[in-house]
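*Asks:* Please find the sequence and the predicted model below.
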Amino acid sequence: MSIIKIDMNSTEFKAELEKTIIFTDKVNAQFGWVYNPQEEVNEGVQMGLARNKMMYKKRFCPCFMVDNTGDKPKSVDDRICPCKPAIEKEIPENGVCHCGIFCTPEFATNKKIEMGVKKVITTHSHGLTQKEAQTLVDKNELDGDEILSLLEARELNMINFKLVDVREHMEWKMGHIKGTNKLIPTSSFFRALDSEKLNKDENIILYCHVGSRSAYCAKILLESGFSKIGNLTNGIVSYNGEIKRQKGK
């Protein structure tokens, strides 16, 4: 499997990231939007946009798969930032684009209130019985708290499953869920299926940044004969457990 690696400490990437930040600043100013109060969301999307510009020469939305098998790279739904679905549907209807970086001022204000509430209220208990853990791991869609519970249950040998990150190598280095078993980037996913030798009968849970790429890869696995596939619905940004970061290239 060939994983495309971009050194985020390189002069080339830093220069592209600066250009991308200027670009997203201009997009906000043009449409009257504001940034998401969750700074890690904005940083992740900006780095993804810069990465895609370097890899594909276009700022494809980092939350959707890019098909690089033809003569020219093409994003699913032609998602080039700022994408048409965000402008015409997502932000007018939901107050925020799919990737989460661009929002209306009203959405940002409500999100700040929500973030403040979450700091003082804990609503989740991680303890599971073995039966509860098995029921949970068989779900098709899971939230961040459920993944955290399953990882704890796996440490206690109550269940077994593979947790797979389908983001790109650079995103993996920025931070991935502690306990992740494999990195299989979406850009290499088709080529990686054979080499990674995943068991079609074992529980496999996928995640990406906000859930779009992992949902797409889950569909690929199901169509390829895998029977127990789960997806972290809202991606790593919804996960409140331990994040492991890597240094260097």
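*Replies:* Arrived safely, thanks for sending.
*Asks:* where does this protein have its least confident helix or strand?
*Replies:* Using mean pLDDT, DSSP states H and E, helix 105-120 stands out as the lowest-scoring helix or strand of the chain, at a mean of 76.
*Asks:* Name the next helix or strand following that one along the chain.
*Replies:* Once the chain leaves helix 105-120, the next helix or strand it forms, by DSSP states H and E, is helix 130-137.
*Asks:* Point out the other elements, helices or strands, that the very next helix or strand once past that following helix touches.
*Replies:* Downstream of helix 130-137, the next assigned helix or strand under DSSP H and E is strand 141-142. In terms of contacts (3 or more CB pairs under 8 Å, 6 or more residues apart in numbering; DSSP states H and E), strand 141-142 is packed against strand 229-232. For every residue, glycine as well, the C-beta is placed using N, CA and C.
*Asks:* could you list every residue that touches residue 86?
*Replies:* 97-98, 102 (CB atoms under 8 Å, 6 or more residues apart in numbering).
*Asks:* how close does it sit to residue 215?
*Replies:* When distance is defined by CB to CB, to the nearest Å, residue 86 is 17 Å away from residue 215.
*Asks:* What is the burial count for residue 8?
*Replies:* Per other CB atoms under 10 Å, the neighbour tally for residue 8 reads 17.
*Asks:* my guess is it meets residue 46, correct?
*Replies:* No: using CB atoms under 8 Å, residue 8 makes no contact with residue 46, being 11.4 Å away.
*Asks:* Return the helix ranked longest in the chain as CSV; C-alpha atoms alone will do.
*Replies:* The helix that spans the most residues within the chain, counting by DSSP state H, is helix 11-31. Only the C-alpha atoms of helix 11-31 are listed here, as CSV (Å, rounded to 0.1, in the frame of the first residue of the first chain):
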residue,chain,number,x,y,z
THR,A,11,8.3,25.1,4.2
GLU,A,12,6.1,24.2,1.2
PHE,A,13,3.2,23.0,3.4
LYS,A,14,3.5,25.9,5.8
ALA,A,15,3.3,28.4,2.9
GLU,A,16,0.3,26.6,1.4
LEU,A,17,-1.4,26.6,4.9
GLU,A,18,-0.9,30.4,5.2
LYS,A,19,-2.5,30.8,1.7
THR,A,20,-5.4,28.6,2.8
ILE,A,21,-6.1,30.5,6.0
ILE,A,22,-6.2,33.7,3.9
PHE,A,23,-8.6,31.9,1.5
THR,A,24,-11.0,30.8,4.3
ASP,A,25,-10.8,34.3,5.8
LYS,A,26,-12.0,35.7,2.5
VAL,A,27,-14.8,33.1,2.2
ASN,A,28,-16.2,34.1,5.6
ALA,A,29,-16.0,37.8,4.6
GLN,A,30,-17.7,37.2,1.2
PHE,A,31,-20.7,35.2,2.6
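*Asks:* No further questions, thank you.
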